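A.B. asks: coordinates only, sequence not included:
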């Protein structure tokens, strides 16, 4: 692993207010034709447990979709299948660019994902992490791209620090920077606001709004009210691996999200 100096202090530093106003981001600077996704009768088994039960959904290009539901409802499993990190036990998922169905190896280069676990390398610096992934993506000038990507997430001043010195929120921001490196046409987010302070959530909400306006398709799991939900155009509730509510592309996503929040609060109190 490449070596680097350990940060001397401010291991849990939050973003400085001087950096936060830079809400413009290089990732949203050019329009993307977002991917369209078709989930057809998707089932996923883990041994005897059914995580998804016959999920069929059509996600249009450019939609910003929120997946809501209890922990264990199937949200993360559906995101992993969309990211091609997990295969369905039954059913098919197809990705389209316009009317053209895409091969799996082509799709992988067009997807960015932020998982529940940040999956960054502790013994690399923030910059080294992004350079490594930029090379994996085959991006030109990976060092310059990595440095450019650290600026909007407020980590430019910590670029040479080992990630093991970072707080949970800083790791989350680095994971978001990694997901946006290649200007994805499909962005998958599993609880993206986890670990972020209110200012970090505000930045993320602004960034998602810019990506959505550029045409990027966004599919994310979310819990509770936060700034990331401002751009949501559709909400889907999963319960026990089944789609129980879907606001649809032209419906009221906030009604579904509010209903989910109320039910979770009531059912949670009853446990």
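C.D. replies: Here it is on my side, so go on. Predicted model, so just to flag it, every value in this text is computed and none were measured.

A.B. asks: what's the one helix or strand residue 188 maps to packed up against?
C.D. replies: Per DSSP states H and E: residue 188 is located in strand 186-190. The contact analysis (3 or more Cβ pairs under 8 Å, 6 or more residues apart in numbering; DSSP states H and E) places strand 186-190 against helix 75-82, strand 111-114, helix 168-180, strand 217-221. Yep, even glycine has a C-beta here, placed from its N, CA and C like the rest.

A.B. asks: what residues sit buried inside it?
C.D. replies: Under the neighbour-count criterion of 16 or more other Cβ atoms under 10 Å, strand 186-190 has 186, 187, 188, 189, 190 buried.

A.B. asks: can you list the strands that that strand pairs with?
C.D. replies: strand 111-114 (parallel), strand 217-221 (parallel) (DSSP bridges).

A.B. asks: just the endpoints, please. Distance across stretch 186-197?
C.D. replies: 25 Å (Cα to Cα, to the nearest Å).

A.B. asks: chain center to that stretch, what's the gap?
C.D. replies: Relative to the centre of its chain, stretch 186-197 is centred 5 Å away, using Cα atoms, centre = their mean, to the nearest Å.

A.B. asks: for stretch 55-64, same thing?
C.D. replies: That offset, for stretch 55-64, works out to 15 Å (Cα atoms, centre = their mean).

A.B. asks: dump the strands paired with strand 186-190 to a markdown table, plus mean pLDDT, mean neighbour count and distance to residue 89.
C.D. replies: Formatted as a markdown table, these follow (pLDDT from 0 to 100; neighbours: other Cβ atoms under 10 Å; distance: least, Cβ to Cβ, whole Å):
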| stretch | mean pLDDT | mean neighbour count | distance to residue 89 |
| --- | --- | --- | --- |
| strand 111-114 | 95 | 22 | 21 |
| strand 217-221 | 96 | 25 | 20 |
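
A.B. asks: now for these, which one comes closest to residue 51?
C.D. replies: Residue 51 sits nearest to strand 217-221 of all these, at 13.5 Å, using Cβ to Cβ.

A.B. asks: so what touches the closest one?
C.D. replies: Here strand 217-221 makes contact (Cβ atoms under 8 Å, 6 or more residues apart in numbering) with 34-37, 59-68, 75-76, 79, 82, 185-192, 208, 211-212, 228, 231.

A.B. asks: show me what the strand or helix carrying residue 147 is packed against.
C.D. replies: Following DSSP H and E, one finds residue 147 within helix 142-150. Counting contacts by 3+ Cβ pairs under 8 Å, 6+ apart, helix 142-150 packs against helix 126-136, helix 168-180.
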